[in-house]
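J.: The following comprises the amino acid sequence and a computationally predicted model.
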Amino acid sequence: MRVGTIRREALRLMFASLGDMLETATLAELYQNSQYAVYLAGMDAAINRALYRLQSVLPKGRVELTSPAVTGSVATFNLGNISDFDGVSELREQTDTQYAAHAYRWEGGTTLVVPLYRPDRRYVLLYRRSVKPIEPMADDDYTLPIPDALAALIPYYVKAELYEEEDPTAARAALEYFDTSLSRYQYEGESDQPQFVCKYSWEEL
């Protein structure tokens, strides 16, 4: 979803009674409108705070690990090229017919150590993702790198922050909707995740 869409939707939530102008005016015109300009000026910081909250429920990233440094049966992988990496969730050892969780040791920085490495197997890393904050006055056409279902919640968070003085009751309702939807998204996402049997634990090695 584009940042401009989120900005416009947040204004729609705050000014539902003035929907005609919000539907017909361009974003450039809305920036020049004295009624909306003060809210638009505060939106980017609120959007970034919403993104920080949304990180916890983002679908996990997935990457196949290649080109390790191998010493005996221990492989070391450099994860520095994963731009949205925010932490290891799981390492899978895969063949053509099966997969299982595999032990690893995270050494901080960008280094992942994998014991009992076998070059004939595939190693797939599931990782927690981060979202880079948008720049101040980000372009309206910039598309957020998150699912639209999550991006659609951001206008409610924006309203909760920016409309608190104008209408505290409406602001609280918007935040409650955001929090409830976030919890539901997280629960449904977790319930869809397959379960894996740990093939090795680090303590056993």
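T.: In hand now; what should we look at? Numbering: from 1, shown residues only.

J.: Please count neighbours and contacts with C-alpha atoms only from this point.
T.: Will do.

J.: Name every strand pairing with the strand or helix carrying residue 125 and say which way it goes.
T.: Following DSSP states H and E, one finds residue 125 within strand 122-129. Partners of strand 122-129 in the sheet, by DSSP bridges, are strand 61-64 (antiparallel), strand 85-94 (antiparallel).

J.: List every C-alpha atom in the first one, with coordinates, as PDB.
T.: Only the C-alpha atoms of strand 61-64 are listed here, as PDB (Å, rounded to 0.1, in the frame of the first residue of the first chain):
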ATOM      1  CA  GLY A  61      11.400 -13.800   5.900                       C
ATOM      2  CA  ARG A  62      12.800 -16.900   4.200                       C
ATOM      3  CA  VAL A  63      16.100 -17.300   2.500                       C
ATOM      4  CA  GLU A  64      18.200 -20.300   1.400                       C
END
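
J.: pLDDT on the helix or strand just after that strand, on average?
T.: Later in the chain than strand 61-64, the nearest helix or strand by DSSP H and E is strand 69-71. Taken as a whole, strand 69-71 carries a mean pLDDT of 94.

J.: helices and strands around strand 69-71, which ones?
T.: Strand 69-71 sits against strand 74-78, with contacts defined as 3 or more C-alpha pairs under 8 Å, 6 or more residues apart in numbering; DSSP states H and E.

J.: Go through the strand it packs on and flag the buried ones.
T.: Neighbour-count burial for strand 74-78, counted by 16 or more other C-alpha atoms under 10 Å, picks out 75, 76, 77, 78.

J.: these two touch, right, residue 125 and residue 88?
T.: Yes: shown here, residue 125 and residue 88 form a contact pair, counting by C-alpha atoms under 8 Å, at 7.5 Å.

J.: hang on, the earlier thing: and the strand holding residue 125, how far out from the chain middle?
T.: Distance of strand 122-129 from the chain centroid (C-alpha atoms, centre = their mean, to the nearest Å) equals 16 Å.

J.: coming back round to it: out of the strands paired with strand 122-129, which gets nearest to residue 105?
T.: Minimum separation from residue 105 across these (C-alpha to C-alpha) falls at strand 85-94, 9.8 Å.

J.: from the chain's centre, how far out does the closest one sit?
T.: 16 Å.

J.: quick one: buried residues of it?
T.: Buried residues in strand 85-94, counting neighbours by 16+ other C-alpha under 10 Å, are found at 85, 88, 90, 91, 92, 93, 94.

J.: just stretch 30-48 next, same as before
T.: Those would be 30, 36, 39, 40, 43, 44, 45, 46, 47, 48, for stretch 30-48 by 16+ other C-alpha under 10 Å.

J.: Any chance of JSON lines for the strands paired with strand 122-129, columns mean pLDDT?
T.: Putting those into JSON lines (pLDDT from 0 to 100) gives the following:
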{"stretch": "strand 61-64", "mean pLDDT": "91"}
{"stretch": "strand 85-94", "mean pLDDT": "90"}
